[in-house]
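S.K.: Sequence first, then the predicted structure, then my questions.
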Amino acid sequence: MKYILGLFVLLLATVTSFAQHGNRDEQWKTLYRATPTKYSTMIHTKLEANIDFQKAQLNGKVWLTLRPFFYSTDSVVLDAKGMDIHEVALWNTNGQKTALRYQYNNAQLTVRLNKTYKSSENYILYVRYTAKPNEWTGGGSAAITDAKGMYFINPKGEEAGKPTQLWTQGETEATSVWVPVIDKPNQKTTHEFYLTYPEQFVSLSNGSLVSSVKNKDKTKTDYWKMDLPHAPYLFFIGIGDYAIVKDSYKGKEVSYYVEKPYEKVARKIFGNTPEMMRFFSEKLGFEYPWNKYVQIVSRDYVSGAMENTTAVIHQETAQQDARELIDGNVWEGTIAHELFHHWFGNLVTCESWSNLSMNESFADYSQLLWAEYKYGKDAGLEENRTQMMGYLSNPNEHKKNLIRFYYKDKEDMFDAVSYNKGGRILHMLRHYIGDDAFFKSLQVYLQENKYGTGEAHQLRLAFEKVTGKDLNWFFNQWFFGYGHPKLTIKSEYESDNGRTRLIVEQTQDSANLFKLPVWVDIYEGANKKREMIWIKNKVDTFYFATKSAPSLINFDAEKVLLGEKKESKSLDEYLFQYINAGNYIDRREAIEFAASRQSEEKAQQIMMLAIEDKYEGLRALAISRLDMNKSVVRDAVESKLLNIAQKDAKSVVRGRAIEALGKIKKEAHIPMFEKAVFDSSYSVAGYALEALQKQQPEKAWELVKKIAQEPAKGKLGAVISDVMYKQGDESSFDIIANKFDALPFGQAKFEGLTGFSNFLAKVKDASKIKRGVDMIVKFREAIPGSYRDQTDPYINDLILKGLLKKKEAEKKEGNTSTDLQEVIDYIQSKLPSKG
C-alpha cells in the first residue's frame, strides 16, 4: 500500500505543536504481536456475489476449500465482520449440503465440522450471508478509514458530478467485511469470483475475466478467476463507469481503468508501466509472476494506492490532465511502488504485520530504482533524500524498530519507519555488498519463498547465502534496532606528519552506537583517493597520508548513509565540492550552505552555477533559494532569470524563475506575468499569477474571475484559490466553495484549509458558512485513523476553533442575529465534546 505519506510527512511537521497527547494507553507496549497461528489453511475460495447498490450491501455465497494446517481439528474459525449469516454447511463433492452448527459474534464465525479432519484431508465449507459494510464499525483502532472493506461511492447517484463506483480495501484485515475468510497475511488462496452488478458498469478483479454474461434484470455477471495463490487482503473488486485503455507486456494484459474524461491521457499517466515491468523483471532476475497487470482509479480512495494482485487501485490524484503532466507525472513513483509489490508483498508476503517491512520497505525502494534507471543518478539520489527526510523530520519515528513486535494497532505499522527508513536501509545494504550481490540476493529470496511468506531472517539468510558474509550485525542494528547515527565530523591537516586526521563522533545515545562502513574521498587538487573506514565507537579517529591540506574531505562519498551529520566546511570547500564531487547530494549541500551566506562572493558563485545546474531539480532549488532582497544578488541574476523563465526546458524551473522575478516587483515584468498566466504549464501559470497578485492584486483578481471556471490544478489551482480566499466576497461563495471541495484529497487541500476558513469568516449567510464547515469536516474525517490523533487537533483547534472565535468576536461587536448564533452553534457541534 502506498499510504499518503507524502501528505502526512509534511502535514505532521506542521501539526505536531497542536497535538494534544493526554493520557495514553501504554498496555500495548507489553503485548507481543506473534505471527498468527495457522490452525487451518485456505486453499481455494469461490464466491458468488450479488451487489446491491441501493442498499450498499453484498448478498453472497462462498465455498471455502480448507484443511487443517498440521494438527487434526473438528472446527474452524473464520473472520466475518458485521454480516448476517443465513446458512453454514459442509458442501459435498456431489453438490449436497450438510448443515453445520456454528457460533457467530459479529466478527468471527466459529464452525463445528462434521468430524475431525487430518492435515491430509480437504473439506469445503459453504456460507450464505449478507455483507453490510456501511454498518460495520468494529475492528482496528478508532476511526480507521479502511475498516469497512467495501466502499460504495455515490451508490444511488444522488451526488451531482460524482460517479457511482464500488471498490474494496482489504489491507490490513478488512476483506472479511465482505467475504468470510481467514483474514491473516500468512494465508494464501486461489479464488473464483462471480460478480453480479448493474449492466451499465464494468468490473475489475484479480486474475482473468473468463466470461461476462448479461442477465434479464439489467444486471450482468462477470466471472473472474485467480489461478495463483495470494493473501486475502489482496482480494479486490472494483465497479464503475470506466474507459479501459489497453496496453501489453510480453503478451500479458496491461490495462488502465480511468474516468472517461481522462481516456486520452491515460497512457501519459500509466504508459511507463510495461517498461517498469520489464525493468523490474530484469533487475530482480525474476519475471513478472502474474497473468495481467491492471490499474484502476477510484473516487474517495484515501490510502494513496493499493497493490491488490493484478488489480491495483489508485486514488483520484493519479488522474492528471494534460496540463498537469507538462510539469511531470507526480504519480509515477506510486505506480512503480505498487508494481514492485507484485514481487515484494504479493509473491512473497510479510508473514505478520510486524514484518511489514518485507512489503513496504521494498516498494518504497522501488521508487528510487525506477527514478535512477529512467531519469538518471541525480533523480535517484533526490528520491533517496526526499524519503530519508520524511523519516528524519518526524522525531516520533526515531524510537521504533523497523521489525517490531510491539505496537498499539497493526495500522500503526504503516509509517515512515516501515516505508522511508526501510527503503534507505536497503539502499545502504546495496552499496555495502554491491549491485550484483544485492539483486542476486533478492532473486534468491523471491525464488525460495515464492507464493509464500517472508520475514527479515529469511531475507538475511538469502543475502548471506549469496555473499558469504555474516550480516547479523547489519540486520540487528538496522532491522531489529531503532534510531540512526548522528555524526559530528571534523578534519585537520597535520603538516608535521604529512597526514590528515578525520574525527567522527556519534552524538546520539551512547547505548545505541552504530557500526558503519563509510567511503571517504580525499581530494588533493584534481587528485582523488577513496578509502573505506569503519565507524564503531563513540569517537573514531582516522588518518590519511596527504602531501598538503586536502581541498576536500568528502565523508560518505556516495551519500547513502541514513543519519544526521554536522560538518565544519568552508565556502571554499563547498565550492570545490559543488564543482568536483558532483553527485546530487554533494551539489545540494553546497547550494544549501551558500544560500544562507549570499552576501559572500563565493556563495554567490555557487548560486550562479547552481541556477544553471545540469539537473532541473537543483536548478529549481537554487532559484527558489535566491535572496532577492539583496541588490547584489538581484543585479547578478535578473538577466539570467529572464532567460530561464522563457527558455528553460523544464516548466517547473521556468515557474521558479518567474517566482523569483516576481520578488523584484518591476513594472517591466508585468506583461510577461500576464502572458504566462495562460501558459500551458500549471506551474508556470501559477507562479505568474502569484507574482501578479503581489504587485497588482486587482489585476490578478480580474484574471482569476476569467479563468476560475476552467480546469486548474497544481500550482495554478492553489494560487487561484488563494486569490479567491483573499479577494473574494459573499457573491463569489459558490465558485470558491466548489473549487475547494473539488480539490482531491491531499496536500493542496490541506494547505488550503487556512485560506478557506479565513474566507468563511467574511461570509454572513449561515447556510453558506455551514456548507463550508461541512467541507472542512469532511476532509478531517477522510484522514486515515492512524494519523487522526495528530491532525485532528490542528484542524479542530486552529481551523474550526479559529473560525468560531472570529464569529464569536463578531457577536461581541454587536451582531446578535439569529443566523450568527446558528453558525456559532453549528461550528461547536462539529468540534469534539470536552472530556
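M.R.: In hand now; what should we look at? Here the structure is a predicted model, which means the values were calculated and not measured. Numbers count the residues shown, from 1 in each chain.

S.K.: hmm, what's the outermost residue in this structure?
M.R.: Going by CA atoms, centre = their mean, the residue of the chain most distant from its centre is Asp496, 54.2 Å out.

S.K.: Regarding that residue, what is its secondary structure?
M.R.: Of the three states, Asp496 takes coil under DSSP: H, G, I helix; E, B strand; the rest coil.

S.K.: Check it and give its pLDDT.
M.R.: pLDDT, Asp496: 93.

S.K.: same deal with Tyr687?
M.R.: With respect to pLDDT, Tyr687 has a value of 98.

S.K.: ditto for the one 4 residues further on
M.R.: pLDDT, Ala691: 97.

S.K.: residues in contact with it?
M.R.: Residues near Ala691 by CB atoms under 8 Å, 6 or more residues apart in numbering: 658-659, 661-662, 669, 673. Backbone N, C-alpha and C define where each C-beta goes, glycine included.

S.K.: ok, which pair from these is furthest apart?
M.R.: With distances taken as CB to CB, the most widely separated pair in the contacts of Ala691 is Glu659 and His669, at 11.6 Å.

S.K.: quick one: Tyr194 is in a strand?
M.R.: Yes - judged by three-state DSSP, Tyr194 forms part of a strand.

S.K.: In contact with the residue nearest to Ile623 when sequence neighbours are not counted, which residues?
M.R.: Closest residue in space to Ile623, ignoring its immediate chain neighbours: Arg656 at 4.3 Å, by CB to CB, 6 or more residues apart in numbering. Counting by CB under 8 Å, 6+ apart, Arg656 makes contact with 619-620, 623-624, 687.

S.K.: Ramachandran coordinates for Phe53?
M.R.: When read as degrees, to the nearest 10, the backbone of Phe53 gives phi -70, psi -30.

S.K.: give me the number of residues near it?
M.R.: Counted with other CB atoms under 10 Å, residues neighbouring Phe53 total 19.

S.K.: Name the SS class of the residue nearest to it when sequence neighbours are not counted, please.
M.R.: Once flanking residues are discounted, Phe53 sits nearest to Pro155: 4.3 Å by CB to CB, 6+ apart. Under the three-state scheme (three-state DSSP), Pro155 adopts coil.

S.K.: So Pro155 versus Lys715, what's the distance?
M.R.: The spacing between Pro155 and Lys715, counted by CB to CB, to the nearest Å, is 35 Å.

S.K.: Count the residues that sit near the closest residue to Ile611 other than its chain neighbours.
M.R.: In space, and not counting its chain neighbours, Ile611 is closest to Ala622: 4.8 Å by CB to CB, 6+ apart. Ala622 has 28 neighbouring residues, counting by other CB under 10 Å.

S.K.: which element is Ala622 on?
M.R.: If you go by DSSP states H and E, Ala622 is part of helix 616-625.

S.K.: Please enumerate the strands of the stretch 651-800 of the chain.
M.R.: With DSSP state E, counting those that start in this stretch, there are no strands along the stretch 651-800 of the chain.

S.K.: ok so, going back, Glu659 and His669: who's more crowded?
M.R.: Comparing Glu659 with His669 by other CB under 10 Å, the one with more neighbours is Glu659, at 25 against 22.

S.K.: Is the more buried one in contact with Leu689, as I believe?
M.R.: No - using CB atoms under 8 Å, Glu659 makes no contact with Leu689, being 10.7 Å away.

S.K.: Which neighbours do these two have in common?
M.R.: By CB under 8 Å, 6+ apart, no residue touches both Glu659 and Leu689.

S.K.: Okay, now the unreliable bits of the protein?
M.R.: Per-residue confidence for the chain (pLDDT under 70) gives these ranges: 3-24, 139-146, 784-786, 834-835.

S.K.: try it again with 50
M.R.: Flagging of the chain using pLDDT under 50 yields the residue ranges 5-10, 14, 16-23, 140-146, 835.

S.K.: Just checking the distance from stretch 537-549 to the centre of its chain.
M.R.: Centre-to-centre, stretch 537-549 and its host chain are 41 Å apart (CA atoms, centre = their mean, to the nearest Å).

S.K.: Oh, that last question was meant for stretch 249-268, not what I typed.
M.R.: Mean C-alpha position of stretch 249-268 versus that of the full chain (CA atoms, centre = their mean) differs by 22 Å.

S.K.: Just the endpoints, please. Distance across it?
M.R.: With CA to CA, to the nearest Å as the measure, the ends of stretch 249-268 fall 17 Å from one another.

S.K.: Residues contacting it, please?
M.R.: By CB under 8 Å, 6+ apart, the residues outside stretch 249-268 that reach it are 163, 202, 204, 238, 240-248, 269-270, 273-274, 277-278, 288, 290-297, 319-322, 325, 329.

S.K.: Among the residues you listed, the buried ones, what's the PyMOL command?
M.R.: Of those, the buried ones go into a single PyMOL selection, burial set by 16 or more other CB atoms under 10 Å:
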select buried, resi 163+202+204+238+240+242+245+247+269+270+273+274+277+288+290+291+292+293+294+295+296+297+319+320+321+325+329
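
S.K.: if you look at the contacts of stretch 249-268, which of them are in helices?
M.R.: 269-270, 273-274, 277-278, 322, 325 (DSSP state H).

S.K.: Of Pro155 and Lys715, which one has the most company?
M.R.: In terms of neighbours (other CB under 10 Å), Lys715 is the more surrounded of Pro155 and Lys715; the figures are 24 against 19.

S.K.: list the contacts for the residue lying closest to that one once chain neighbours are set aside?
M.R.: In this structure, Lys715 finds its nearest non-sequential neighbour in Gly686, 2.9 Å apart by CB to CB, 6+ apart. Each residue near Gly686 by CB under 8 Å, 6+ apart is listed here: 655, 714-720.

S.K.: cool, Val202 as well?
M.R.: Val202 makes contacts with 239-242, 244, 257, as judged by CB under 8 Å, 6+ apart.

S.K.: Tell me the buried residues in stretch 550-565?
M.R.: Neighbour counts using 16+ other CB under 10 Å place 550-563 of stretch 550-565 among the buried residues.

S.K.: Nearest to Leu502 among those?
M.R.: Leu502 has its nearest neighbour among the buried residues of stretch 550-565 in Ile553, at 6.2 Å by CB to CB.

S.K.: Check for me that the closest one belongs to a helix.
M.R.: No - read with three-state DSSP, Ile553 is strand and lies in no helix.

S.K.: was I right about Arg460 contacting Asn472?
M.R.: Yes - counting by CB under 8 Å, Arg460 does reach Asn472; the two are 7.2 Å apart.

S.K.: Among these two, which residue is more densely surrounded?
M.R.: Taking other CB under 10 Å, Arg460 and Asn472 do not tie; Arg460 has more neighbours (19 against 12).

S.K.: if I pick that one, what's in contact with it?
M.R.: Shown in contact with Arg460 (CB under 8 Å, 6+ apart): 471-472, 475, 479.

S.K.: Direction included, what does whichever strand or helix holds Ala89 pair against?
M.R.: If you go by DSSP H and E, Ala89 is part of strand 83-91. If you go by DSSP bridges, strand 83-91 pairs up with strand 97-99 (antiparallel), strand 123-131 (antiparallel).

S.K.: Work out the gap between stretch 100-117 and the centre of the chain.
M.R.: 39 Å.
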